[in-house]
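Engineer: no FASTA, just this:
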Ligand code: IPE
Ligand code: IPE
Ligand code: MG
């Protein structure tokens, strides 16, 4: 139970799931759900920033999502470009730093340019960092980090025996960010879908059946309330934590 001031998670990570089903329930194409999803995303960014969350990491496109129908993939890519074009100024005005994580080499030059522009413009902002995971996979992230460490060993910059969880964390795409405290998945599925694997080792999990376009401020607040009511033990006993 929470005693004293409510505990706000420093870092919230969200799998924004359910856009397609939201649209299909309305006999609309799945892409309509993604457009509605952008509005929910804007609401969530502003809610969590106002709540005092310092890092918000959103899963926008997984490395597996390339397997979707071509028109859905291309709509999503266009939505990334247009959402960044339309919203970077406002995010910047609100002190939000935009950072993309994932393999951007598969993106169009236009999208890469827009990502770089949004990242550069907001680089020094301090209110909240918004990490957007696009063409991201947790296994890709860990593999990449391992390869970078292997190169350092090859170049005799470090010894294999010196490899520690801190050294590995420093090579992951969220290097420099504390690990997520609260992990949220909308859309009813109870799985991680290759999102942050290493970093959610001790995150509190919150699953809701609400589909992403319906993710309201009330449900967002529910997730924070649920978090505040959890006792994080990190392996210790409840009595040790209270003491
Ligand atoms: C999440 O919603 C958005 C992306 C994966 C890009 P979905 O498109 O997965 O929606 P459902 O799960 O099919 O309803
Ligand atoms: C996870 O959702 C990826 C994003 C939300 C971007 P999916 O809808 O792709 O996950 P699965 O395939 O149902 O596990
Ligand atoms: Mg889905």
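Structural biologist: Received, thanks. Just so you know, these numbers come straight off a predicted model, no measurement behind them. Ligands and ions are numbered 1, 2, ... in the order given.
Engineer: just give the closest residue to residue 36, not the sequence neighbours.
Structural biologist: Nearest non-adjacent residue to residue 36, counting by C-beta to C-beta, 6 or more residues apart in numbering: residue 213, 3.8 Å away. All C-beta atoms are positioned from the backbone trio N, CA, C, and that covers glycine.
Engineer: who in the chain is up against ligand 2?
Structural biologist: 15, 16, 17, 59, 60, 61, 62, 65, 189, 191, 193 (C-beta under 6 Å from any ligand atom).
Engineer: next up, the contacts around the second one.
Structural biologist: Listed by C-beta atoms under 8 Å, 6 or more residues apart in numbering, the contact partners of residue 16 are 37, 40, 41, 44, 58, 59, 60, 186, 212, 215.
Engineer: ok, back up a step: dump the residue contacts of the residue nearest to residue 36.
Structural biologist: So residue 213 contacts 18, 19, 22, 33, 36, 37, 39, 40 (C-beta under 8 Å, 6+ apart).
Engineer: what sits against residue 65?
Structural biologist: 73, 76.
Engineer: 10 Å instead, please
Structural biologist: 59, 72, 73, 76, 134, 135, 136, 137, 193 (C-beta atoms under 10 Å, 6 or more residues apart in numbering).
Engineer: and it, backbone torsions?
Structural biologist: As for residue 65, its main-chain torsions (degrees, to the nearest 10) stand at phi -70, psi -10.
Engineer: can you give me the strands for this protein?
Structural biologist: Taking DSSP state E as the criterion, the chain carries its strands at 11-15, 55-62, 96-101, 128-136, 182-185, 204-207.
Engineer: tabulate the ones you listed in a markdown table, adding columns for mean pLDDT.
Structural biologist: Shown next, in a markdown table, are these (pLDDT from 0 to 100):
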| stretch | mean pLDDT |
| --- | --- |
| strand 11-15 | 99 |
| strand 55-62 | 98 |
| strand 96-101 | 98 |
| strand 128-136 | 98 |
| strand 182-185 | 98 |
| strand 204-207 | 98 |
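Engineer: just put these in CSV and tack on distance to residue 230 and mean neighbour count.
Structural biologist: CSV is the format used below for the strands of the chain (distance: least, C-beta to C-beta, whole Å; neighbours: other C-beta atoms under 10 Å):
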stretch, distance to residue 230, mean neighbour count
strand 11-15, 14, 25
strand 55-62, 18, 23
strand 96-101, 26, 21
strand 128-136, 22, 23
strand 182-185, 9, 25
strand 204-207, 5, 17
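Engineer: if we can go back for a sec, so which of the contacts of residue 213 would you say is closest to residue 236?
Structural biologist: Using C-beta to C-beta, residue 18 is the member of those that lies nearest residue 236, at 35.8 Å.
Engineer: the closest one - how many residues pack around it?
Structural biologist: 25 (other C-beta atoms under 10 Å).
Engineer: perfect, that will be all.
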